[in-house]
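Peer 1: coordinates for the following, if possible.
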Amino acid sequence: MAPTATSIGCCQQQEQQQQQDLREDVEQLRQEAGLQSQSAEGGRELEPLVARAPVAASCQAHNPTTTTTERILPSAAVFLPSYQKLITEDSRRLPGNPPSDQQLLAGGGVFVQRAPDMEVRPGGLANITARAACTIWAALVGASVALNLVITNHLNRRSDEPTLHSFYVSAMCTLLGGVSLIPQACLAQAPFRRPTKIWSLLGGLCVLTGFANISGSHLVGAQIDLLLQLLGMLSMALFLDARGGRITCSDKRRIRGFFIVVAGIGADSFHVGNERNTVQQQPLFAAVILVGVFVSGLGYAMQAKCNSQLSANIGGPARACIICAAVTLIGGIPIQAYISFGIGVRFEFALEDWPLWTLAGLQSAFYTGSLAVLPAKLGYTATYLAIMFGKLASSSILDAGGMISYAQPFTVQRALSLVLVLVGSGLFSSQPSADDPEPSSGTTGLHSDEQGGGRLHSAAQKGPPSTTATATWTGC
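Peer 2: Residues are numbered from 1 along each chain as shown. Alright, predicted model coming up:
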C-alpha cells in the first residue's frame with residue numbers, strides 16, 4: 001500500500017523527535033564523561049561527533065520510558081574521544097570505519113570510536129625533537145660498537161701472540177657483558193619458563209669464532225672488518241629465510257639490497273691489497289683471519305635464530321644474553337685449554353686496564369638496554385639504519401686516524417661504498433609499516449659480540465620475524 005501524506009508526515013515528525021532525543025542523549029553522555037568544550041587554558045577540546053544513519057523504513061515509535069543509552073538508536077554511531085569509558089556492556093569499541101546497520105543491530109548497543117580527524121597527536125616540534133634525540137641515541141649505540149674495537153685491540157696488544165690471545169679477550173668481554181646484565185635480568189617481570197626447544201640453548205656456540213674480529217680489525221681496519229661480518233650475517237639470514245620459505249627469488253627488494261651491500265663492500269675493500277703490506281706478504285694468514293670474520297657473521301645469524309626462541313621462553317633478552325654468555329664460556333673452555341697448555345700462550349691481564357675492561361662490559365648493557373627502547377620510538381628500519389650509520393661513520397673516523405690499524409684516509413671511493421652499504425642494508429632489512437615493533441608485542445633476537453668482545457645484543461620486533469630481519473637487526 002502506498003504511503004499517505006499523513007503517514008509520511010508522521011514519520012518525519014518521529015524522525016525529528018528521534019534526532020532531538022539523540023542530541024540530548026549525546027549531551028548527557030558528554031556531561032557524564034566530564035567533557036568540556038573549552039579547556040582551562042581556553043584551548044578547544046575535542047568535540048563529540050554524532051553520525052546519524054538513515055532512519056529505518058518502519059519508523060518505530062520512540063518509547064519515552066527507555067534509558068538514556070537505550071534511546072540511542074543502534075543505527076547511530078557516537079564518536080567520543082578514546083579515553084571515554086564504555087557506557088553499557090553492549091557497547092563496543094571498534095577500529096576503522098563505522099559499521100553497517102546490520103552490524104549495529106546484531107550488537108545491540110552503542111558504537112564508540114575516536115573520530116579520525118580528532119585524534120590526539122603530539123606537538124609537531126616536540127615530536128620532531130624526540131625523534132631527533134632518539135636518532136642521535138641510536139647513532140651513538142652504533143658508534144659504541146666501533147669504539148669497543150679500540151678497547152679490545154688495546155687489551156690484546158699486551159700479548160706477543162695477539163691472534164691467539166684475542167680468544168682470551170673475547171671470553172673475558174663475554175663474561176663481563178653477562179655480569180653487567182644480571183640486574184636487568186633480575187628486574188624483569190616476565191615469568192621464567194623452561195626452554196621448549198633444546199637447540200635454542202646452543203646460540204652461544206655459534207659465535208666462538210667471534211674472536212677473529214679483533215685480529216681482523218687490526219689487519220684491515222674497523223670498517224672493512226664490520227662490513228665483512230655484515231656480509232656473513234646477511235648471507236646466512238638470506239639462506240635461512242629461503243630454506244624456510246620466507247623469501248623467494250621473486251622477492252627482488254631483499255635480493256637487490258643484498259647485492260648492493262656486496263658491491264659496496266667490494267668497493268670499500270678494493271684498495272686493501274694494494275696498501276696493506278701484511279695482506280700482501282702473508283696472504284694465507286690474512287685470508288684465514290678474514291674468513292674467520294665472515295664465519296663469525298654466519299654464526300651471529302644462527303645465534304639470532306636460537307636466542308629469539310630462548311628469549312620468548314625464559315622471559316626477556318637480558319636472561320637470554322646471560323645464558324648465551326654462559327654457553328659461550330663453557331664451549332670455549334677446551335679451546336682456551338689448548339691455547340694455554342698446548343701452545344703456551346697465557347692470558348695477559350694488567351690491573352691498570354680495569355677501566356677498559358669495565359667499559360667493555362658496560363657497553364654490552366648499553367647496547368642491550370638501548371635496543372629494548374629505540375625500536376618502539378623510531379621503528380625497526382629507522383633504528384637499524386641509524387645504528388648502521390653510527391657504526392660506519394665512527395669506523396671511518398677511527399680508520400682515518402689509525403687508532404686500530406694503519407691509517408686509511410676517507411676518500412670519495414670509501415664514501416660512495418658507504419652509501420651503497422646503507423642503501424642496500426635499508427632495502428634488505430626494510431619491513432612493511434605494519435611490522436614495526438611495538439613495546440608490548442615483540443620477540444627478541446640476540447647475539448653475542450660483534451667484534452669478538454663478547455657483547456650481547458637484543459632487539460624487539462613484532463613477530464614472528466623472519467630470520468633475515470632478526471639477523472640484520474641484531475647484528476649490523
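Peer 1: list the contacts of the closest residue to A222 other than its chain neighbours.
Peer 2: Nearest in space to A222, with sequence neighbours left out and distances taken as C-beta to C-beta, 6 or more residues apart in numbering, is S395 at 4.0 Å. Bear in mind the C-beta positions are built from the backbone N, C-alpha and C, glycine included. S395 makes contact with 146, 149, 221-223, 226, according to C-beta atoms under 8 Å, 6 or more residues apart in numbering.
Peer 1: out of these, which is nearest to L378?
Peer 2: A146 (20.4 Å; C-beta to C-beta).
Peer 1: now that closest one: how far from M388?
Peer 2: Distance of A146 to M388, computed by C-beta to C-beta, to the nearest Å: 11 Å.
Peer 1: which elements pack onto the helix or strand where R254 lies?
Peer 2: Using DSSP states H and E, R254 sits within helix 252-269. Using 3 or more C-beta pairs under 8 Å, 6 or more residues apart in numbering; DSSP states H and E as the contact test, the elements touching helix 252-269 are helix 222-243, helix 412-429.
Peer 1: what strand or helix carries the residue nearest to A222?
Peer 2: Using DSSP H and E, S395 sits within helix 380-400.
Peer 1: neighbour-wise, which of A146 and M388 wins?
Peer 2: A146 (27 against 24; other C-beta atoms under 10 Å).
Peer 1: now the helix or strand where the more buried one lies: average pLDDT?
Peer 2: Counting by DSSP H and E, the element that carries A146 is helix 124-156. Confidence over helix 124-156 (mean pLDDT, whole number) is 88.
Peer 1: buried stuff in the next helix or strand after that helix?
Peer 2: Using DSSP H and E, the helix or strand that directly follows helix 124-156 along the chain is helix 162-180. Neighbour counts over helix 162-180 (16 or more other C-beta atoms under 10 Å) mark 162-178, 180 as buried.
Peer 1: also stretch 225-244?
Peer 2: So stretch 225-244, judged by 16+ other C-beta under 10 Å, has buried residues 225-238, 240-242.
Peer 1: ok, stretch 259-275 next?
Peer 2: 260-262, 264-265, 267-269, 272.
Peer 1: contacts for it?
Peer 2: 220-221, 223-224, 227-228, 230-231, 234, 279-280, 406, 408, 413-414, 416-421, 423-425, 427-428.
Peer 1: flag whichever of the buried residues of stretch 259-275 scores worst on pLDDT.
Peer 2: V272 (58).
Peer 1: and which of the contacts of S395 is nearest I289?
Peer 2: For the contacts of S395, the residue nearest I289 by C-beta to C-beta is G221; the value is 12.5 Å.
Peer 1: so that closest one touches S405, yeah?
Peer 2: Yes: counting by C-beta atoms under 8 Å, G221 does reach S405; the two are 4.6 Å apart.
Peer 1: and the two? which has more neighbours close in?
Peer 2: G221 (29 against 22).
Peer 1: need the contact list for that one.
Peer 2: 272, 395, 398-399, 404-406, 408.
Peer 1: repeat that for 6 Å
Peer 2: Remark: with contacts taken as C-beta atoms under 6 Å, 6 or more residues apart in numbering, G221 is in contact with 399, 405, 408.
Peer 1: now do the phi/psi pair for the second one.
Peer 2: This means S405. phi -130, psi -160 (degrees, to the nearest 10).
Peer 1: from E352, how far out is it?
Peer 2: In terms of C-beta to C-beta, S405 sits 24 Å off from E352.
Peer 1: how about the last one?
Peer 2: Q408 sits 30 Å away from E352, going by C-beta to C-beta.
Peer 1: domains of this protein?
Peer 2: 48-120, 124-475 (automatic domain parsing).
Peer 1: those domains: lowest mean pLDDT?
Peer 2: Ranked by mean pLDDT, the domains of the chain end with domain 48-120 at the bottom, a mean of 42.
Peer 1: go ahead and confirm S429 touches A382.
Peer 2: No: here S429 lies out of contact with A382, judged by C-beta atoms under 6 Å, at a distance of 10.7 Å.
Peer 1: which one's more surrounded, these two?
Peer 2: Set side by side, S429 and A382 show more neighbours around S429, with 23 against 18, by other C-beta under 10 Å.
Peer 1: show me what the helix or strand hosting A325 is packed up against.
Peer 2: Here A325 sits within helix 317-337, counting by DSSP H and E. Under the contact criterion of 3 or more C-beta pairs under 6 Å, 6 or more residues apart in numbering; DSSP states H and E, helix 317-337 touches helix 162-180, helix 182-187, helix 283-314, strand 443-447.
Peer 1: and P375, which of the ones you listed is closest to it?
Peer 2: Short answer: strand 443-447, nearest of the helices and strands packed on helix 317-337 by C-beta to C-beta, at 10.5 Å.
Peer 1: so what's R253 up against?
Peer 2: R253 makes contacts with L427, as judged by C-beta under 6 Å, 6+ apart.
Peer 1: how close does it sit to F259?
Peer 2: 12 Å.
Peer 1: for A337, same thing?
Peer 2: Using C-beta to C-beta, we find A337 at a distance of 42 Å from F259.
Peer 1: is it true that L374 touches L140?
Peer 2: No: the pair L374 / L140 is not scored as a contact, 10.6 Å apart, by C-beta under 6 Å.
Peer 1: who has more neighbours out of those two?
Peer 2: Set L374 next to L140 and count neighbours by other C-beta under 10 Å: L374 wins out with 24 against 16.
Peer 1: quick one: contacts for the more buried one?
Peer 2: The neighbourhood of L374, defined by C-beta under 6 Å, 6+ apart, consists of 134, 138, 383.
Peer 1: check contacts around the residue lying closest to it once chain neighbours are set aside.
Peer 2: Nearest non-adjacent residue to L374, counting by C-beta to C-beta, 6+ apart: T383, 4.6 Å away. Applying C-beta under 6 Å, 6+ apart to T383 gives the contacts 138, 374-375.
Peer 1: at 8 Å instead, please
Peer 2: Listed by C-beta under 8 Å, 6+ apart, the contact partners of T383 are 134, 138, 371, 374-375, 377.
Peer 1: just the buried residues of those residues.
Peer 2: Buried among these by 16+ other C-beta under 10 Å: 134, 138, 371, 374-375, 377.
Peer 1: got CSV for those, with distance to A365 too?
Peer 2: CSV is the format used below for the buried ones among the contacts of T383 (distance: C-beta to C-beta, whole Å):
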residue, distance to A365
C134, 19
A138, 16
L371, 11
L374, 15
P375, 17
K377, 19
